[in-house]
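# Task: produce atomic coordinates for the following.
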Amino acid sequence: MRKLKQGNIYSNISAIKNKEVFQVILKNKKLKIERIISKGQVTERGKWLKERRGEWVMLLKGAGKLRFLKDNRLIKLRAGDYIFIPANTAHRVEWTSLREKTVWLAVYIR
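Alright, predicted model coming up:
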């Protein structure tokens, strides 16, 4: 029998200084789930993120804005909002809250 893995998405939210915190919760050949914690961090100016996998993202706490290269679309996310980003879609984190930690749940799907 495989080991059970249990936790709480809100526990042990790391202290953030200058970098986002990426924590893998589960990973196998077809799926990767990670918690991302931000506080004011954004994607480096001029850089666009493009994942080889589809990416389903839910904002659990805080607030953030994502920008998409294709149509320069800006989407604001608040707690409870989610979005599916198809594989190879150029996007960037344009803004995250400075007032509180922003907690993202990202699910990467092959």
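# Could you look up the SS state of the closest residue in space to L66 that isn't next to it in sequence?
Excluding the flanking residues, the one nearest L66 by C-beta to C-beta, 6 or more residues apart in numbering is I75, at 5.0 Å. All C-beta atoms are positioned from the backbone trio N, CA, C, and that covers glycine. Judged by DSSP: H, G, I helix; E, B strand; the rest coil, the three-state class of I75 is strand.
# who are the neighbours in contact with I75?
Residues in contact with I75 (C-beta atoms under 8 Å, 6 or more residues apart in numbering) are K65, L66, R67, F68, I83.
# can I assume the last one is in contact with L77?
Looking back up the chat, that one is I83. Yes - using C-beta atoms under 8 Å, I83 is in contact with L77, at 6.9 Å.
# between the two, which one's more packed in?
Counted by other C-beta atoms under 10 Å, I83 and L77 do not tie: L77 has more neighbours, with 19 against 14.
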